[in-house]
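Undergrad: compute the structure for the input listed below.
(one chain, ligands or ions: 1)
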Amino acid sequence: MQTSPDIPTESLPGAGAQGWLSGWVSVRVSTPLVALLLMLAAAQGSAQTPPEPPTIPASTVVSTVAMVLEPVAEGTWFVQGASAMGSAANQNFISNAGFVVADGGVLVVDALGSPPLARQLLALIRQVTPLPVRFVVVTHCHADHIYGLQVFRDAGAQIVGHAACRDYLASDAARQRLAISREQLFPWVDGQTRLVSPDLWLGDGGQDDDLLLRIGQREFRVRHAGPSHTAEDLVVHDARTGVLFAGDIVFRGRLPFVGQADSRRWITAIDRMQDLQPRVLVTGHGPLSHQPAQDMQQTRDYLAYLRQTMGEAARKLEPFDEAYARTDWSRFAQLPLFAAANRMNAYNTYLLMEHEAP
Ligand SMILES: [Zn+2]
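TA: I've put the predicted structure just below:
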């Protein structure tokens, strides 16, 4: 068990000691009011004893999205974000989060895309159980899965991630991304939103293999599934219920976003997940999967087809445009987001296969 060095949040604009003060931006205290308060304090003879600092919540912003608890299995629930890009309009509720109530505590998987969303999720957890949240496992460090972490940390939970996630959170890239999000997703992500580094991690001096999280009599297996969708992908398996929290390794009912992913290892990760024979899949986006084998296979087939077709083109030094145009995409063309994502997925795979080619 290791404790990570804290990210120097003091260097983040709006964070730290002055951060909570910025929460008062909407409260205008006029000078006469301050004078009146001082006079009242003096009249009560309490001017000599400094008053207790006010207890201010980390932020006063309250999310207003429709967030509904959906049962997954015994003691297990999840909430489903919108199938969209993150925006101030959807309050960045575009990803899923789940939780399991065990004997003596709660395990949460992913923290949603803002502190207000995380508070809303915590309130829903409180409707189910008064037990404390012991752990929050971060499946990967994309903004829509991590910006709510501070709420759970403040509530006493330990954050579990991969070393690659920890390293990313300490990077300029993560700070720059947060700065942009504070503008684009304001007020849901604001000056008080901070990056929260894992307390426990897998890889690089942390746990080498699978990490077993124990809560009471329950054991949850946290497994590194990356680098695949990202370097730091983690999945969480609950052997008792057969639920697998798969993060963004599996895209259900839509075309995957490949991005800069390592698709060869992504396929290996899916095969390892198939070996677990899960009964139910909670994915990072989209509805529950009650047919995990089929849904995992669909993502796998798509990645394999991209690699086969674009790999062949790269080996033959065929220009990408020609290769893309002559490839038969009919197997996947009916999937949602095909028009938005397929060409970019194919192009990224073409570049990847150029490097992989001997
Ligand atoms: Zn995601």
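
Undergrad: mind listing the strands in the chain by residue range?
TA: Taking DSSP state E as the criterion, the chain contains strands spanning 70-73, 76-79, 97-102, 105-109, 133-137, 158-162, 200-202, 211-215, 218-224, 234-238, 243-247, 280-283.

Undergrad: wait, what's in contact with the residue nearest to the spatial centre of the chain?
TA: Residue closest to the average C-alpha location in the chain (C-alpha atoms, centre = their mean): residue 145, at 1.6 Å. Applying C-beta atoms under 8 Å, 6 or more residues apart in numbering to residue 145 gives the contacts 95, 97, 110, 111, 112, 113, 138, 139, 247, 284. For the C-beta atoms, the positions are set from N, CA and C on the backbone; glycine is no exception.

Undergrad: rerun that using 10 Å as the cut-off
TA: When contacts are counted by C-beta atoms under 10 Å, 6 or more residues apart in numbering, residue 145 touches 81, 94-97, 109-113, 138-139, 165, 247-248, 284-285.

Undergrad: follow-up on the earlier one: give me whichever of the strands of the chain is most buried.
TA: When the strands of the chain are scored by mean count of other C-beta atoms under 10 Å, the highest mean neighbour count falls to strand 243-247 (a mean of 30).

Undergrad: would you mind giving the strands of the chain as CSV with distance to the ion added?
TA: Formatted as CSV, these follow (distance: least, C-beta to the ion, whole Å):
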stretch, distance to the ion
strand 70-73, 18
strand 76-79, 14
strand 97-102, 11
strand 105-109, 12
strand 133-137, 14
strand 158-162, 14
strand 200-202, 19
strand 211-215, 21
strand 218-224, 17
strand 234-238, 13
strand 243-247, 7
strand 280-283, 9
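
Undergrad: adding distance to residue 293 and mean pLDDT, write those out as a markdown table.
TA: Output for the strands of the chain, formatted as a markdown table (distance: least, C-beta to C-beta, whole Å; pLDDT from 0 to 100):
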| stretch | distance to residue 293 | mean pLDDT |
| --- | --- | --- |
| strand 70-73 | 17 | 98 |
| strand 76-79 | 19 | 98 |
| strand 97-102 | 20 | 98 |
| strand 105-109 | 21 | 98 |
| strand 133-137 | 23 | 98 |
| strand 158-162 | 26 | 97 |
| strand 200-202 | 26 | 92 |
| strand 211-215 | 25 | 95 |
| strand 218-224 | 18 | 95 |
| strand 234-238 | 15 | 97 |
| strand 243-247 | 11 | 97 |
| strand 280-283 | 9 | 96 |
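
Undergrad: which residue ranges of the chain form helices?
TA: 31-43, 115-128, 143-146, 149-154, 163-169, 172-184, 263-275, 292-315, 320-326, 338-356 (DSSP state H).

Undergrad: determine which stretch of those is the most buried.
TA: Comparing those by mean count of other C-beta under 10 Å gives helix 143-146 as most buried, with a mean of 25.

Undergrad: okay, now residue 82: neighbour count?
TA: Using other C-beta atoms under 10 Å, residue 82 has 17 neighbouring residues.

Undergrad: who's in contact with it?
TA: Taking C-beta under 10 Å, 6+ apart, one finds 65, 66, 89, 90, 91, 92, 93, 94, 95, 285 in contact with residue 82.

Undergrad: show me which of the residues you listed are buried.
TA: Among the contacts of residue 82, those classed as buried by 16 or more other C-beta atoms under 10 Å are 65, 90, 91, 92, 93, 94, 95, 285.
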